[in-house]
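Student: take a look and give me a structure for this.
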Amino acid sequence: MDTARQHHGDTNAGTDETALELLVHGVGGTTPQEMLDDPRTVRVSGDATAAVFRRAEDVDAESRPDDYRGRPVPEAYVWCNLTSGNGSRALWLVLLPFMVVNLAHWMRPNARRRTRTVRLYGLLVRLAGLTLTVLLVAGACEVALDLTAWQCAGTPACADRRSWLGFLADGWWSQPGRRLALAAVVPTALTVLLWYLSHRTWSAYESQRPPTHGLDPDGTDGSEGNALARPGFWYGRRLVSRLRAAHTAAGLLTVAAAVGTAAARYDRRPGGAALLDVLGWGLVAALAAGMVFVLVVVVSRGRSEERIDLVVDRVLVRVLPYGALALLVLVMVYAGWSRPHWHSSGRLPGDTTFGGIALVQGALVLALAVVAKAIYRTAVDRRTALRGLGGPATAMLSFALGGVMTGGIAQRVADWLDGTGGLIKGPPVLLSWQASVIPPLLVVLAVMCAVLGVRTARRKKAETARVVTDYHLGEHAEGERPDHARTSAIAGTRARAALTDRAPAMIGVISSVTLLLGGLAVAGAWATGKVPGTAAEGTFPLLEGAADTAQALGSWLIGAGFILFVTWGRRAYKDPSARRTIGILWDVGTFWPRAAHPFAPPCYAERAVPDLTWRMATWTRATGGRLILSGHSQGSVLAAAAAWQLPPSVRRRVGLLTYGSPLERLYGRWFPAQFGPAALMSLHRQVDCWRNLHRGTDPIGGPINLPGDCGPQVDHDALLDPLAYGRTERHPLPAPILGHSDYQADPVFAEERARLLARLGHGVPTPRAQGSSGRSSG
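Tutor: You can find the predicted model right below:
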């Protein structure tokens with residue numbers, strides 16, 4: 001059933017007893033039928049992407065308040081299609097490095113009176129995102145221009161093995177400049193595709209304007225406690241459009257540089273055509289000027305959160321990419337000019353390009369680490385992941401992912417074109433060095449996993465004793481007797497759930513080792529100019545063997561990494577269960593707005609948060625009823641963000657019920673500027689009441705851990721999971737270990753919801769008279 005009309009009913013009688021429970025699901029999604037525990041549901045607001053549902057019998061609940069005394073009207077907000085819809089979403093895996101570097105922007109430590117340093121942090125992350133765009137496009141240029149058009153098509157033996165390259169080896173297209181100009185269509189199409197996806201997903205997901213509201217009688221708008229309460233936080237249209245134009249231009253200029261510099265280098269040789277030489281210098285200067293302009297656009301403006309910024313820099317967002325495209329066309333015409341004596345040999349100068357990108361990325365990570373540490377020292381919080389270095393570590397991981405993708409596809413294409421024939425030079429030497437550091441990195445990862453395995457086993461042993469105590473096993477003659485298998489299963493689940501808290505240490509070590517090995521790879525490639533196996537010849541036998549093994553294994557692994565991306569995406573396209581898994585990844589990774597990279601997957605919260613805020617504000621205005629915002633897992637994060645966006649006068653009359661919530665365990669540690677102790681404390685003070693449920697077997701949710709007396713006011717003691725140890729009168733069959741799911745099955749859930757309803761005041765703003773003047777409070 002579906003209806004576009006919202007049912008508010010008669011708001012003149014009995015509305016002070018009306019209560020609404022707005023349910024928000026978590027990662028992986030669900031159906032409204034499951035959330036409302038009823039097969040007959042009605043969509044009361046929204047569309048096929050995200051909507052609010054009720055049970056059919058509750059559609060007109062506001063007109064029958066007597067039927068709902070002592071219980072709330074359940075209402076479900078279903079947003080899973082924002083992240084895990086049709087099979088094409090699986091292709092967003094290609095955008096994974098962009099998503100990760102965007103996360104680094106939001107991992108900034110909490111700051112105190114360091115506005116300039118905070119701006120510098122954001123600037124550095126935006127530059128890091130720009131290098132990833134250049135790296136991805138440069139990887140496409142390596143495949144299309146260097147390996148295919150320059151090396152294989154320019155080598156008769158290689159071109160003969162690939163019949164589809166025959167037209168490039170003979171005839172009008174056989175000149176290197178023309179082959180490069182034609183091959184440039186591939187990375188150009190990739191850049192245009194990224195621009196299109198960013199533009200289309202913005203219109204589909206992130207263009208929802210948040211509600212506006214004026215100041216409270218005390219002169220505040222409630223945003224001083226946290227950035228998430230600022231009016232413009234969930235509307236980043238201006239910055240995204242500027243970054244989209246800049247990154248599109250950077251991609252096109254990278255393609256133009258790959259085509260134009262090869263031709264310009266040939267024209268600078270003694271005896272070359274003077275006119276072409278002058279044109280070459282002019283185009284190179286124009287390319288440099290264009291890249292400087294791109295850098296200025298990326299650096300000059302960050303996010304605008306204090307207000308809803310409706311300004312669109314239309315001239316800039318059109319002139320910059322179209323200007324870069326026009327320059328690329330000129331370069332292609334210049335490169336395609338007849339040069340009868342030009343023949344391709346060796347490689348295009350990829351080592352210089354990829355080496356320069358790697359050096360810039362390493363410098364950005366180090367600079368980010370210095371800035372992040374300076375910010376962290378202004379407001380030290382020991383719970384912050386990696387003592388404030390979570391952002392730099394995550395940025396390093398995004399660079400590693402980008403390297404695996406570009407190096408992997410280059411290695412696979414080179415193997416496909418040449419096989420073992422040795423007819424072409426293959427990818428740049430640096431890519432072979434970077435692939436060779438993967439095996440040592442995996443050794444470090446294996447050692448860390450072994451250490452974690454030992455610690456988990458020790459924790460399981462300790463949890464075994466706690467299980468006996470928690471379930472009062474064997475304490476008296478009538479009590480349950482311990483069962484080794486049951487106790488081991490519960491203790492093991494608790495121990496594995498605690499692994500989440502070890503993630504910061506693992507990510508910190510992996511990022512540090514990756515940075516060190518990456519620096520050694522650049523140094524080795526530039527110092528020797530040879531692949532690792534060749535560079536080690538004539539040294540110690542052990543070193544030679546290690547270099548050959550690392551090179552061969554690394555080449556296979558980096559290619560396998562790219563194939564893994566492709567096969568995972570294809571499987572997700574065909575398999576709904578795999579698609580759901582990828583949707584879970586995006587639920588966590590795309591919560592944040594695109595502040596550092598415009599080609600990252602779209603931010604679903606820029607649709608979901610305004611949806612929830614509009615629904616709560618309009619319902620409370622129309623009915624004057626009580627409202628419980630009930631969020632599970634990632635839904636609790638959306639619930640908190642939506643509560644912050646409410647006018648303070650409404651926010652103070654909302655009850656918050658969270659369960660399986662990562663608000664402190666994940667978000668509070670990794671994103672302390674938005675979800676740190678001060679922010680969560682302000683949320684506790686600004687809503688009417690807040691209760692949080694968690695389990696020791698839950699690997700995602702945990703306590704909020706507010707300081708002082710506020711902690712017990714919010715956090716319930718850890719719920720027992722399973723509900724019963726053995727068979728009982730109430731549970732004749734073995735109770736399952738629920739972990740992160742089905743919190744409503746615990747009787748404590750209904751008890752806490754009833755307590756919240758009882759504590760909620762009845763002072764929610766009454767409905768306004770029809771045609772009343774003044775600014776909306778929602």
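
Student: which is the next helix or strand following the strand or helix carrying residue 319?
Tutor: Using DSSP states H and E, residue 319 maps to helix 314-335. The element immediately downstream of helix 314-335 (helix or strand, assigned by DSSP H and E) is helix 350-376.

Student: mind checking how far the nearest residue to residue 260 once chain neighbours are set aside is from residue 322?
Tutor: Once flanking residues are discounted, residue 260 sits nearest to residue 331: 4.1 Å by Cβ to Cβ, 6 or more residues apart in numbering. Any C-beta I mention is one placed from the backbone N, CA and C, and that applies to glycine too. Residue 331 is 15 Å from residue 322, where distance means Cβ to Cβ, to the nearest Å.

Student: give me the more crowded residue out of those two.
Tutor: Neighbour count, other Cβ atoms under 10 Å: between residue 331 and residue 322, residue 331 has more, with 30 against 14.

Student: what sits against that one?
Tutor: By Cβ atoms under 8 Å, 6 or more residues apart in numbering, residue 331 lies in contact with 256, 259-260, 283, 287.

Student: mind redoing it with 7 Å?
Tutor: The contact partners of residue 331, by Cβ atoms under 7 Å, 6 or more residues apart in numbering, come to 256, 259-260, 283.

Student: now swap in residue 239 and tell me
Tutor: 301-303, 595.

Student: ramachandran angles for it?
Tutor: Main-chain dihedrals, residue 239, degrees, to the nearest 10: phi -70, psi -40.

Student: same deal with residue 656?
Tutor: Dihedral angles (degrees, to the nearest 10) for residue 656: phi -120, psi 130.

Student: not counting its neighbours along the chain, what's nearest it?
Tutor: Excluding the flanking residues, the one nearest residue 656 by Cβ to Cβ, 6+ apart is residue 690, at 4.2 Å.

Student: surely the one you found is within a strand?
Tutor: Yes. Counting by DSSP: H, G, I helix; E, B strand; the rest coil, residue 690 is part of a strand.

Student: is it in contact with residue 716, as I believe?
Tutor: No. With contacts counted by Cβ atoms under 7 Å, residue 690 stays clear of residue 716, the gap being 11.1 Å.

Student: can you list the weak-confidence ranges in the stretch 551-700 of the chain?
Tutor: The model of the stretch 551-700 of the chain has pLDDT under 70 over residues 566, 569-586.

Student: got the residue ranges for the helices in it?
Tutor: Secondary structure of the stretch 551-700 of the chain (DSSP state H, counting those that start in this stretch): helices at 576-589, 605-623, 634-645, 648-651, 669-670, 672-675, 677-686.

Student: which one of the contacts of residue 331 is nearest residue 590?
Tutor: Ranked by distance to residue 590 (Cβ to Cβ), these are led by residue 256 at 31.3 Å.

Student: quick one: buried residues of the helix or strand in which the closest one is found?
Tutor: Applying DSSP H and E as the criterion places residue 256 in helix 237-267. Buried residues in helix 237-267, defined by neighbour count with 16 or more other Cβ atoms under 10 Å: 237-264, 266-267.

Student: same check on stretch 508-520?
Tutor: The neighbour-count check on stretch 508-520 (16+ other Cβ under 10 Å) flags 508, 510-515, 517-518 as buried.

Student: what separation is there between the residue at minimal distance from the centre of the chain and residue 110?
Tutor: Compute the mean C-alpha point of the chain, and by Cα atoms, centre = their mean the closest residue is residue 589, 2.7 Å away. Separation of residue 589 from residue 110 (Cβ to Cβ): 22 Å.

Student: helix, strand or coil: sort out the nearest residue to residue 122 once chain neighbours are set aside for me.
Tutor: Spatial nearest neighbour of residue 122, chain neighbours left out: residue 302 (4.8 Å); criterion: Cβ to Cβ, 6+ apart. Per three-state DSSP, the secondary structure class of residue 302 is coil.

Student: near residue 302, how many other residues are there?
Tutor: Residue 302 has 18 nearby residues by other Cβ under 10 Å.

Student: then residue 485?
Tutor: 7.

Student: how about residue 231?
Tutor: For residue 231, the neighbour count with other Cβ under 10 Å is 18.

Student: please apply the same query to the one 5 residues further on.
Tutor: When neighbours are counted by other Cβ under 10 Å, residue 236 registers 22.

Student: same deal with residue 545?
Tutor: Residue 545: 12 neighbours (other Cβ under 10 Å).

Student: for it, give me the pLDDT.
Tutor: For residue 545, the pLDDT comes out at 90.

Student: strands along this protein, start to end?
Tutor: With DSSP state E, the ranges of strands along the chain come out as 19-24, 41-46, 51-55, 73-78, 626-632, 654-659, 689-693.

Student: now render those as JSON lines, adding mean neighbour count and distance to residue 356.
Tutor: Formatted as JSON lines, the strands of the chain follow (neighbours: other Cβ atoms under 10 Å; distance: least, Cβ to Cβ, whole Å):
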{"stretch": "strand 19-24", "mean neighbour count": "23", "distance to residue 356": "46"}
{"stretch": "strand 41-46", "mean neighbour count": "19", "distance to residue 356": "48"}
{"stretch": "strand 51-55", "mean neighbour count": "22", "distance to residue 356": "49"}
{"stretch": "strand 73-78", "mean neighbour count": "24", "distance to residue 356": "47"}
{"stretch": "strand 626-632", "mean neighbour count": "27", "distance to residue 356": "46"}
{"stretch": "strand 654-659", "mean neighbour count": "26", "distance to residue 356": "47"}
{"stretch": "strand 689-693", "mean neighbour count": "24", "distance to residue 356": "49"}
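
Student: got those strands as JSON lines, with distance to residue 162 columns?
Tutor: Listed next are the strands of the chain as JSON lines, based on distance: least, Cβ to Cβ, whole Å:
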{"stretch": "strand 19-24", "distance to residue 162": "54"}
{"stretch": "strand 41-46", "distance to residue 162": "52"}
{"stretch": "strand 51-55", "distance to residue 162": "51"}
{"stretch": "strand 73-78", "distance to residue 162": "50"}
{"stretch": "strand 626-632", "distance to residue 162": "54"}
{"stretch": "strand 654-659", "distance to residue 162": "58"}
{"stretch": "strand 689-693", "distance to residue 162": "61"}
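
Student: break down the stretch 401-550 of the chain into its helices, ranges please.
Tutor: Using DSSP H, counting those that start in this stretch, helices in the stretch 401-550 of the chain cover 429-436, 438-470, 484-497, 503-528, 532-535, 541-574.

Student: so residue 459 sits against residue 498, correct?
Tutor: Yes. Here residue 459 reaches residue 498: they are 5.9 Å apart, a contact under Cβ under 7 Å.

Student: okay, and for the protein, where does confidence drop off?
Tutor: Low-confidence segments of the chain, defined by pLDDT under 70: 1-17, 84-92, 203-208, 211-225, 350-351, 420, 474-479, 566, 569-586, 761-778.

Student: related to what we said a few turns ago, and residue 723, which of the helices of the stretch 551-700 of the chain is closest to it?
Tutor: helix 634-645 (21.6 Å).

Student: chain center to that closest one: distance?
Tutor: Remark: helix 634-645 is offset 17 Å from the chain centroid, using Cα atoms, centre = their mean, to the nearest Å.

Student: go on, stretch 187-194?
Tutor: Remark: stretch 187-194 is offset 21 Å from the chain centroid, using Cα atoms, centre = their mean.

Student: so what touches it?
Tutor: Residues from elsewhere that reach stretch 187-194 (Cβ under 7 Å, 6+ apart): 137, 140-141, 144, 248, 251-252, 255, 328, 599.
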